[in-house]
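Trainee: what would the 3D arrangement of this be:
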Amino acid sequence: MHEFTAIVERDPSTHLYVGYIPGFPGAHSQSKTLDELHTNLQEVIHMLLEDGPPSLTSEFVGIQRVSVS
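Mentor: Here you go, the predicted structure:
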């Protein structure tokens, strides 16, 4: 069982959800719903893992809120 953290954003011009796995080249997708995005990301990751374990280029650490005045 592999577990990855996905970053999900919503494109304001297309209104599509866009998701990607930080540091995992090729692990990205988009869709109209969050459920569909989740399924799409699972399928993409499954296909990429068929080539062997990923060589991650970075690791998700967390998020921060930054205030400026």
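Trainee: which residue lies nearest the spatial centre of the protein?
Mentor: By Cα atoms, centre = their mean, the chain has its centre lying nearest to Tyr20, at 2.0 Å.
Trainee: which one is Ser58 nearest to, not counting chain neighbours?
Mentor: Gly23 (3.4 Å; Cβ to Cβ, 6 or more residues apart in numbering). Yep, even glycine has a C-beta here, placed from its N, CA and C like the rest.
Trainee: quick one: that neighbour is in a strand?
Mentor: No. Gly23 is assigned coil when assessed by DSSP: H, G, I helix; E, B strand; the rest coil, not a strand.
Trainee: pLDDT value on it, please?
Mentor: Model confidence at Gly23, expressed as pLDDT, equals 93.
Trainee: surely it touches Thr57?
Mentor: Yes. Gly23 is within contact range of Thr57, at 4.5 Å (criterion: Cβ atoms under 8 Å).
Trainee: these two: which has the busier surroundings?
Mentor: Taking other Cβ atoms under 10 Å, Gly23 and Thr57 do not tie; Gly23 has more neighbours (15 against 9).
Trainee: quick check: the more buried one vs Phe4, distance?
Mentor: Distance of Gly23 to Phe4, given as Cβ to Cβ, to the nearest Å: 9 Å.
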